[in-house]
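Chemist: Sequence plus the predicted model coming up.
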Amino acid sequence: MMLGTILLPFAGVIAAIVLTWQYGWMGWPFLAMLVVGWLFTAMGITVGYHRLLTHNSFSTFRIVRLFWMAMGSLAVQGSPLVWCAVHRRHHEKSDHDGDPHSPVLHGYGWWASLKGLIHAHMGWLFTRYWSPSILQRYVPDLLCDKLMVAVDRTYVLWVAASLAIPSAIGGLVTMSWQGALLGLIWGGLVRIFIAHHITWSINSICHVFGKRHFHTSDNSRNNVVCGVLALGEGWHNNHHAFPTSARHGLFWWQFDFSWIVIRLMEKAGLAWDVVLPSERMLERRRLH
């Protein structure tokens with residue numbers, strides 16, 4: 001199951017390259033499906049799975065909560081309960097023994113560093129940490145949410161929908177099986193591949209490369225490239241310093257698209273109890 005989740009999107013990328021090489025430009029509808037689909041499902045992870053469900057960074061209506069759970073599930077990065085449990089364990093053990101995906105616990109030297117990066121990026125997905133067995137310990141509050149449990153139990157259907165929806169759109173737009181295939185490849189597999197590796201880069205790159213602006217007990221880093229591509233998640237040192245903050249880009253120049261979305265939700269009355277660190281808290285942890 002996990003191997004297929006990793007290899008199938010990669011196969012889709014290879015197919016996309018081959019088809020583009022042979023037949024040329026895919027067409028605007030498929031580019032739109034790729035970009036829009038990635039944006040919404042990526043926010044399902046950043047706004048939904050991460051800031052809302054894992055850290056309770058803000059509150060919202062149940063229908064909005066369901067929307068973000070659905071978007072996160074369509075990202076095909078794991079069921080919401082397991083994803084949140086793994087991430088809470090990561091914060092508990094960050095860069096220490098027991099961290100599910102630390103890149104800095106594999107010894108010294110370039111080879112050990114490379115192994116650590118590979119492990120943190122996706123190797124850890126094949127370990128015992130990615131298991132429902134940790135749910136009772138790390139997400140007992142979420143297990144009490146019947147809506148969330150229902151989404152979690154039907155996760156395989158969300159995965160199927162993540163591929164079926166762009167296939168159907170591609171087929172209907174072009175009224176052809178070729179369009180359905182292109183929708184599956186670009187709007188489904190390539191989108192999932194891109195979202196996977198951007199998210200996984202937070203676990204690997206953002207614990208090795210970048211700057212530290214706040215004191216933490218781990219090696220978390222703020223990485224500009226990941227900060228932009230991961231919709232604000234790459235300001236990882238900020239996040240580990242203030243895990244419950246709805247805003248990760250804590251300096252004016254740190255672009256945080258997910259925070260912009262949460263702020264707009266708040267302005268529209270769709271989010272409240274939005275958590276932000278005070279100036280005093282920021283100053284107390286700042287590295288000078």
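Modeler: Here it is on my side, so go on.
Chemist: contacts and neighbour counts: CA atoms only from here.
Modeler: Fine.
Chemist: Do you have the strands of the stretch 151-288 of the chain handy? List them.
Modeler: 271-272 (DSSP state E, counting those that start in this stretch).
Chemist: Which residue ranges of it form helices?
Modeler: 155-174, 177-182, 191-204, 224-229, 236-241, 257-267, 279-285 (DSSP state H, counting those that start in this stretch).
Chemist: buried set for the last one?
Modeler: By neighbour count, and taking 16 or more other C-alpha atoms under 10 Å as the criterion, the buried residues in helix 279-285 are Leu282.
Chemist: Touching that helix from outside, list them.
Modeler: Contacts to helix 279-285, defined as C-alpha atoms under 8 Å, 6 or more residues apart in numbering, come from residues 214-215, 241.
Chemist: rerun at 7 Å
Modeler: 214-215 (C-alpha atoms under 7 Å, 6 or more residues apart in numbering).
Chemist: Quick one: mean pLDDT for that helix?
Modeler: Averaged over helix 279-285, pLDDT sits at 96.
Chemist: on that earlier part again, redo the helices of the stretch 151-288 of the chain as JSON lines? Include distance to Glu92.
Modeler: Below are the helices of the stretch 151-288 of the chain laid out as JSON lines (distance: least, C-alpha to C-alpha, whole Å):
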{"stretch": "helix 155-174", "distance to Glu92": "26"}
{"stretch": "helix 177-182", "distance to Glu92": "42"}
{"stretch": "helix 191-204", "distance to Glu92": "14"}
{"stretch": "helix 224-229", "distance to Glu92": "23"}
{"stretch": "helix 236-241", "distance to Glu92": "10"}
{"stretch": "helix 257-267", "distance to Glu92": "23"}
{"stretch": "helix 279-285", "distance to Glu92": "18"}
